[in-house]
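Novice: I'd like to go over a predicted model; first the sequence, then the structure.
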Amino acid sequence: FLCVMKEATQKSQPLRENILPSHTLYLKNINSKIKVEDLKRLLYLHFSPFGRIIDINASRSKPRLKGQAFVVFSSKESAIQARQRLNGTTFSDRILTIDFSRQQSHIVSRLEGNFDEAAYLHQKFQKRGRTTNSSNDPSKHFRRHATRKLFIDNLPPNVAEKQGRDVFISLFRSREGCFDVVVKDLTAIATFKRPDQARHAKIALTGYMLMDHALKIEFYDAR
């Protein structure tokens with residue numbers, strides 16, 4: 001689909017009542033025939049001129065999510081400007097309806113340092129029919145203090161292929177002190193010589209957009 005932005009003849013639709021501006025924009029009336037990965041790429045190109053995008057959620061896991069998406073900016077100012085400019089404009093032959101999301105993105109909470117990662121993953125794994133006692137649940141190894149290992153989540157699907165995996169590994173191996181990166185499924189563990197080197201890498205790369213996926217990083221210790 002060709003993504004074309006043009007001003008709609010109608011005026012921008014008003015905000016829903018009692019919804020304050022936030023980092024996250026809630027998009028409706030999106031063409032549901034666009035494949036998810038193509039949609040994320042098009043949305044990134046469409047919204048990125050207004051500021052740094054740290055996440056795009058365009059899941060089709062539930063029927064009620066069709067035609068909807070969420071775009072998360074690193075600042076409220078960018079989200080406000082994007083909504084003012086793009087609400088009521090044309091995106092892939094549909095008139096976009098854009099509001100601010102009622103809930104704050106967990107990625108924004110991570111960046112602000114007030115996100116409970118263990119509780120989030122506990123809930124996530126419970127929904128998958130797992131328990132926090134399972135060896136498949138990495139959250140029990142997360143640490144608030146710096147360690148030599150970093151757990152990286154939300155990797156793009158193409159890390160399963162050699163070229164995509166090499167790009168991801170080189171991103172971490174280029175950081176000072178990183179000497180090992182192990183990729184498994186869509187997660188990875190990067191090991192550094194010293195905890196302070198891992199801390200610097202975590203600060204620099206948390207929220208980093210890799211092929212339209214914002215990296216999620218936690219200190220990790222599986223001793």
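Specialist: Yes, it's here.

Novice: list the buried ones in stretch 212-223?
Specialist: Buried residues in stretch 212-223, counted by 16 or more other CB atoms under 10 Å: 212, 213, 214, 215, 216, 217, 218, 219, 220. Where you see a C-beta, it was placed from the backbone N, CA and C, and this is true even at glycine.

Novice: show me which of those is closest to residue 145.
Specialist: residue 219 (6.7 Å; CB to CB).

Novice: kindly confirm my reading that the closest one forms part of a strand.
Specialist: Yes: assessed with DSSP: H, G, I helix; E, B strand; the rest coil, residue 219 lies in a strand.

Novice: which residue in the buried residues of stretch 212-223 has the weakest pLDDT?
Specialist: Least confident of those in the model: residue 212, at 76.

Novice: list the contacts for the closest residue to that residue other than its chain neighbours?
Specialist: In space, and not counting its chain neighbours, residue 212 is closest to residue 40: 4.9 Å by CB to CB, 6 or more residues apart in numbering. The neighbourhood of residue 40, defined by CB atoms under 8 Å, 6 or more residues apart in numbering, consists of 56, 58, 212.

Novice: and residue 40, helix, strand or coil?
Specialist: Strictly by three-state DSSP, residue 40 counts as helix.

Novice: look up the pLDDT of it for me, please.
Specialist: For residue 40, the predicted pLDDT is 85.

Novice: over to the one 10 residues further on?
Specialist: Model confidence at residue 50, expressed as pLDDT, equals 94.

Novice: what does residue 68 give?
Specialist: So residue 68 comes in at 88 (pLDDT).

Novice: tally up the residues packed near it, please.
Specialist: Neighbour count of residue 68, defined by other CB atoms under 10 Å: 17.

Novice: how near is it to residue 168?
Specialist: Residue 68 sits 29 Å away from residue 168, going by CB to CB, to the nearest Å.

Novice: about what we covered before: with distance to residue 153 added, can I get the buried residues of stretch 212-223 in a markdown table?
Specialist: As requested, the buried residues of stretch 212-223 are exported to a markdown table (distance: CB to CB, whole Å):
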| residue | distance to residue 153 |
| --- | --- |
| 212 | 15 |
| 213 | 10 |
| 214 | 10 |
| 215 | 8 |
| 216 | 4 |
| 217 | 8 |
| 218 | 8 |
| 219 | 13 |
| 220 | 11 |
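
Novice: can you give me the end-to-end distance of stretch 201-213?
Specialist: Length of stretch 201-213, first residue to last, CA to CA, to the nearest Å: 17 Å.

Novice: who's in contact with that stretch?
Specialist: Outside stretch 201-213, the residues within contact range by CB under 8 Å, 6+ apart are 37, 40-41, 44, 52-56, 74, 107, 110-111, 146, 150, 154-156, 158, 164, 167-168, 171-172, 175-178, 190, 192, 214-219.

Novice: let's see that with 6 Å instead.
Specialist: By CB atoms under 6 Å, 6 or more residues apart in numbering, the list of residues contacting stretch 201-213 from outside reads 40, 41, 44, 54, 111, 150, 154, 156, 175, 214, 215, 217.
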